[in-house]
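> Kindly generate the corresponding structure for this input.
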Amino acid sequence: MPKKTRILLANMPHHIVQRSHNREPVLPADEVYQYYCDNLFECKEKRDIKLYA
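Model prediction:
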């Protein structure tokens with residue numbers, strides 16, 4: 001059964017969670033983590049998104 005579509009409201013905060021399968025690390029290596037952070041902050045700046053945590 002597919003998941004329900006998320007409701008997106010403009011100018012409202014959204015809670016986003018990343019989880020892995022069987023408690024495996026989501027970002028297994030420091031290089032991967034740094035790559036993820038670099039891309040996240042680049043997208044944040046391009047889209048004028050506020051990131052709280």
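> Please report how far residue 33 lies from residue 9.
Applying CB to CB, to the nearest Å, the value for residue 33 to residue 9 is 30 Å. Glycine gets a C-beta too; all of them are placed from N, C-alpha and C.
> which of those two has more neighbours?
residue 33 (13 against 8; other CB atoms under 10 Å).
> Could you pull up the contacting residues of the more buried one?
By CB atoms under 8 Å, 6 or more residues apart in numbering, the residues touching residue 33 are residue 27.
> One more: residue 41?
Applying CB under 8 Å, 6+ apart, the residues near residue 41 are residue 51.
> Could you tell me the model confidence score at it?
Looking at residue 41, its pLDDT is 93.
> Need the three-state assignment for it.
helix (DSSP: H, G, I helix; E, B strand; the rest coil).
> likewise residue 44?
helix.
> burial of the closest residue to it other than its chain neighbours, as a residue count?
Nearest in space to residue 44, with sequence neighbours left out and distances taken as CB to CB, 6 or more residues apart in numbering, is residue 51 at 5.3 Å. The number of residues packed near residue 51 is 8, by other CB under 10 Å.
> What's the per-residue pLDDT of residue 37 here?
93.
> Compute the first-to-last residue distance for stretch 44-53.
13 Å (CA to CA, to the nearest Å).
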